[in-house]
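K.L.:
Build me a model:
(one chain, ligands or ions: 2)
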Amino acid sequence: MSADPCSFSSINSCLTKHLNLCLNVDFTKRVLKGRATLTLEALEDRFSVLTLDTRDLKIISVSANGQEASFTLGSKHSFKGTPLEIRLPFDISRGQHVIVEVKYETSPSATALQWLTPEQTAGKKYPYLFSQCQAHHCRSMVPCQDSPSVKHTYYAQVSVPKDLVAVMSAVRDGHEMDPQDSERIVYRFRQPVPMPSYLIAIVAGALESREIGPRSRVWSEKEFVHQAASEFSETEQMLQTAEKLAGPYVWGQYDILVLPPSFPYGGMENPCLTFATPTLLCLNLYSCLHQVIAHEISHSWTGNLVTNKTWEHFWLNEGHTVYLERMIGRSMESEQFRQFKAMGGWKDLQDSVNTFGPNSPLTNLVPSLQDVDPDDAFSSVPYEKGFALLYHLEELMGGPEVFMEFVKSYIQMFAYSSVTTDQWKNYLFTYFKDKVDILNKVDWNAWMYTPCVIMYDTTLADACIALSQKWIKVRSVVTGPECLFSDTDNIFFFYMNSEIRFRWLRLCVRSKWEEMVPVALKMATEQGRLKFTRPLFREVYTFEKYREEAVRVFLAHRAAMHPVTAGLVAKALKVEQSQSTGV
Ligand SMILES: CC/C=C\C/C=C\C[C@@H](O)/C=C/C=C/C=C\[C@@H](O)CCCC(=O)O
Ligand SMILES: [Zn+2]
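P.N.:
Ligands and ions are numbered 1, 2, ... in the order given. Model (predicted):
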């Protein structure tokens with residue numbers, strides 16, 4: 001059985017230490033073409049055969065230390081892609097390095113990439129490309145050891161049409177006219193901190209940027225850049241708060257890129273360049289949406305510096321990141337704010353458990369992903385059950401200050417490496433060696449397989465419940481939804497917040513308020529954040545009378561959706577997935 005159930009790559013016989021990428025972005029063919037040059041370290045003597053992960057890549061040639069190497073592509077797996085077996089024309093000993101260069105071209109249906117036409121962008125003038133590699137999509141963009149157990153530095157040069165700008169999850173290293181074509185520009189990037197393949201990210205579009213701090217810029221199409229700069233003006237304060245809690249920020253630059261609405265997630269912790277959905281832009285009215293940025297900042301320590309060894313230990317990334325995110329909230333807002341966010345998270349956990357089914361193995365904190373697509377396994381469970389476990393341990397070990405010191409120590413202990421739950425647990429017992437008797441009383445088996453009940457402080461939640469009761473009383477006097485809002489401003493505030501709008505529309509459809517079905521489908525299609533799009537489509541599909549409408553609207557929009565979003569919504573609506581995902 002592979003050391004990583006989600007990868008074919010030979011991570012037991014060699015490790016990638018550095019990756020050099022030289023790519024040409026072809027918007028006409030919707031492909032990346034170029035070469036990936038891997039510096040590999042042999043972990044065994046007489047090393048001469050290796051396997052890399054690929055998906056839908058056209059392999060043109062392979063060489064090793066400049067000598068031609070033979071290669072074969074295996075059979076395509078349903079979600080793991082196609083193994084690329086490479087035979088070196090020589091062998092090397094344990095500890096020696098070999099430089100393997102793969103010339104290749106991606107497919108227009110690469111699952112890591114979404115190619116947008118000018119019409120799908122805000123500016124309507126230029127095309128746009130962005131990537132999303134987590135968890136196992138980098139292999140559709142680069143032949144690599146696509147496992148979080150492997151960490152490497154990278155350098156890249158990317159050629160794009162001269163009207164466009166390229167950015168990556170690395171420090172910018174200048175740009176110049178493409179010597180091969182004066183109509184193109186080559187942008188250069190350097191990532192000196194070893195990182196896993198899922199954090200490789202690339203964007204090309206009509207991008208502008210504004211400085212928002214001494215080590216931060218915000219990037220987006222010009223239509224959003226001013227609002228984004230205003231929205232994320234507290235980034236440096238968040239970074240400094242996180243550094244006080246977790247230790248130094250090692251990645252140098254911390255930029256934020258606001259993507260087009262089809263980006264499938266609220267944020268993605270790509271190093272040096274956090275990706276963010278435009279649904280976070282809410283005119284600064286609700287700082288709670290900025291907790292997503294606090295989350296992505298926190299990943300700079302938990303996830304990007306200390307990384308889950310395989311996706312079965314994803315809770316180590318996300319549970320610790322939610323814990324750190326909420327400690328930032330505690331520092332910048334209040335403990336009641338942390339408790340309030342924890343309660344909201346508990347509701348999200350319950351939603352996930354209800355969607356999977358309470359006995360589903362995917363509600364385990366450490367699920368087996370043998371033959372399971374990580375995209376199908378993704379939910380709030382690793383985030384919120386992970387947080388709940390850490391919060392429970394915080395209560396047992398002596399409170400937030402005590403436990404945050406443990407988290408900081410855990411980060412220092414495992415920085416730049418990839419870890420498993422057992423390694424985390426062994427360190428927990430070592431760190432709290434004087435409290436092992438208390439730790440031994442924790443029902444670890446239950447925590448790993450069923451969420452224990454946590455009682456959070458309800459101070460802020462009580463205020464929300466009281467307000468909702470007031471609305472219900474007012475509602476009993478005046479009919480119709482307008483009664484909830486005495487003036488248009490409140491409606492504006494209400495609808496500007498994507499989190500509130502999503503929950504309101506889901507409730508409306510669940511309550512079978514027929515007039516709101518098209519409004520829900522509009523939100524499901526005008527943006528592509530999976531957190532909103534999939535549940536809204538699923539809710540309309542569940543409303544029997546509108547099931548066909550849900551499928552019709554999805555099929556009408558599928559071609560313009562991100563390939564992962566399109567695939568997951570198709571499964572939710574029980575629609576045959578299109579042969580070539582993403583188009
Ligand atoms: C047990 C699950 C194991 C592995 C899943 C790992 C990745 C799944 C893949 O679908 C990628 C997920 C990316 C998530 C990115 C950002 C999230 O932190 C926030 C998502 C929710 C939101 O939109 O706010
Ligand atoms: Zn996260």
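
K.L.:
bridging residues for the residue positioned nearest the centre of the chain?
P.N.:
Closest to where the C-alpha atoms of the chain average out (Cα atoms, centre = their mean) is M268, at 3.9 Å. Note on M268: beta-bridge partners by DSSP bridges are F275.

K.L.:
do you know how far it is from P382?
P.N.:
15 Å (Cβ to Cβ, to the nearest Å). Where C-beta positions appear, they are placed from N, C-alpha and C, glycine not excepted.

K.L.:
Secondary structure element holding whichever residue of the stretch 401-550 of the chain sits closest to ligand 2?
P.N.:
Ligand 2 sits closest to K531 of the stretch 401-550 of the chain, with a gap of 11.9 Å, by Cβ to the ion. In the assignment (DSSP states H and E), K531 maps to helix 530-542.

K.L.:
How far off centre is that helix?
P.N.:
19 Å (Cα atoms, centre = their mean, to the nearest Å).

K.L.:
downstream neighbour of it in the secondary structure list?
P.N.:
Following helix 530-542 toward the C-terminus (DSSP H and E): helix 547-557.

K.L.:
re earlier: report the contact partners of the residue of the stretch 401-550 of the chain closest to ligand 2.
P.N.:
K531 sits next to 265-266, 502 when contact means Cβ atoms under 8 Å, 6 or more residues apart in numbering.

K.L.:
Return only those of the residues you listed found close to ligand 2.
P.N.:
Among the contacts of K531, no residue is within reach of ligand 2 (Cβ under 5 Å from the ion).

K.L.:
Could you tell me the single residue of this structure that sits nearest to ligand 1?
P.N.:
For the chain and ligand 1, the shortest gap (Cβ to the nearest ligand atom) falls at G266, measuring 2.5 Å.

K.L.:
wait, that residue sits on I293?
P.N.:
No. The criterion here is Cβ atoms under 8 Å, and G266 misses it with I293 at 9.5 Å.

K.L.:
hey, what's in contact with both of these two?
P.N.:
By Cβ under 8 Å, 6+ apart, the residues touching both G266 and I293 are 276, 280.

K.L.:
Count residues in the vicinity of the closest residue to D4 other than its chain neighbours, would you?
P.N.:
With Cβ to Cβ, 6 or more residues apart in numbering as the criterion, D4 has its nearest non-adjacent residue at 4.2 Å, and that residue is S147. Counted with other Cβ atoms under 10 Å, residues neighbouring S147 total 29.

K.L.:
Pull the contacting residues for S147.
P.N.:
Taking Cβ under 8 Å, 6+ apart as the test, what S147 contacts is 3-4, 6-7, 9, 11, 53, 196-197, 310.

K.L.:
Which elements pack onto the lengthiest strand in the chain?
P.N.:
When the chain is parsed with DSSP state E, its longest strand is strand 181-195. Applying 3 or more Cβ pairs under 8 Å, 6 or more residues apart in numbering; DSSP states H and E, we find strand 181-195 packed against strand 152-161, strand 165-168, strand 171-178.

K.L.:
Alpha carbons only: can I get the shortest one in PDB?
P.N.:
Presented in PDB, the C-alpha positions along strand 165-168 are these (Å, rounded to 0.1, in the frame of the first residue of the first chain):
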ATOM      1  CA  VAL A 165       0.300  40.000 -15.400                       C
ATOM      2  CA  ALA A 166       1.300  36.700 -13.800                       C
ATOM      3  CA  VAL A 167       1.600  36.100 -10.100                       C
ATOM      4  CA  MET A 168       2.500  32.900  -8.200                       C
END
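
K.L.:
could you give the mean pLDDT of the longest helix seen in the chain?
P.N.:
In the chain, ranked by residue count with DSSP state H as the criterion, the top helix is helix 335-356. Average pLDDT, helix 335-356: 92.
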